[in-house]
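> one predicted model, sequence on top.
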Amino acid sequence: MHPQPKTYLVYIMSNRSKTLYTGVTNSRFRRVGQHKEADGSGFTTRYKLDRLVYFERFESVHRAIGRENQIKRLLGIKKITLIVPVNHTWRDVRDGWYDRHQFQPDNAWIAKDIRPETAMAPDFRSH
C-alpha cells in the first residue's frame, strides 16, 4: 500500500462584502473549519471571512507557497478574475464536502471532492 501524497491547498476566503484573504494549508478541512468558526487568523476573524470561494491544489509545498505569494501580490480585481470563472455566485465551495454519497452505507461519510477548473484561470505571472 502506497501512502497518499501530501496535498497542499492555496485558498481564498471571503465574506458577504467580498473582502478577500489568501492562505495556504496542508489540511483543508481543519484550516477552513478554523476560519468558519472564527478561530483562524485575526484578519479573517475581524472581517468574518467564513466562505471558501476559491482554491487550488498542489503536491509541492514550495509550489503552493509560491502560488500563495503570487496571489497575495495581485490586485483585488485580478483575484476576482480568478474566482468568478469557477464560482460566479461566490458560494461557499465547502458546502457539501461532508455529504454522504447515495451508494455509501449510512454509517460512512465522505468529503466531496469539489475541484474548480483552475487550469483555465488566467496566469498573471510577470514574464
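Thanks, I have it.
> element containing residue 63?
The secondary structure element spanning residue 63 is helix 61-73 (assigned by DSSP states H and E).
> and the angle for the helix or strand following that helix with helix 61-73?
Using DSSP H and E, the helix or strand that follows helix 61-73 towards the C-terminus is helix 76-83. Regarding helix 76-83 and helix 61-73, their directions subtend 130 degrees when assessed with axes from the mean of the first three to the mean of the last three CA atoms, to 10 degrees.
> what helices or strands is helix 76-83 leaning on?
Packing contacts for helix 76-83, counted by 3 or more CB pairs under 8 Å, 6 or more residues apart in numbering; DSSP states H and E, involve strand 8-14, strand 51-58. Heads up, the C-betas are built off the backbone N, CA and C, glycines and all.
> hmm, try it at 7 Å
With contacts defined as 3 or more CB pairs under 7 Å, 6 or more residues apart in numbering; DSSP states H and E, the secondary structure elements packing on helix 76-83 are strand 51-58.
> follow-up on the earlier one: mean confidence score for the helix holding residue 63?
This predicted structure assigns helix 61-73 an average pLDDT of 96.
> any weak-confidence spans in this structure?
Counting by pLDDT under 70, the chain contains low-confidence ranges at 1-2, 40, 96-127.
> can you give the contact residues for the helix holding residue 63?
Judged by CB atoms under 7 Å, 6 or more residues apart in numbering, the contacts made with helix 61-73 from elsewhere in the structure are 8, 10, 22-24, 56, 58, 79, 125.
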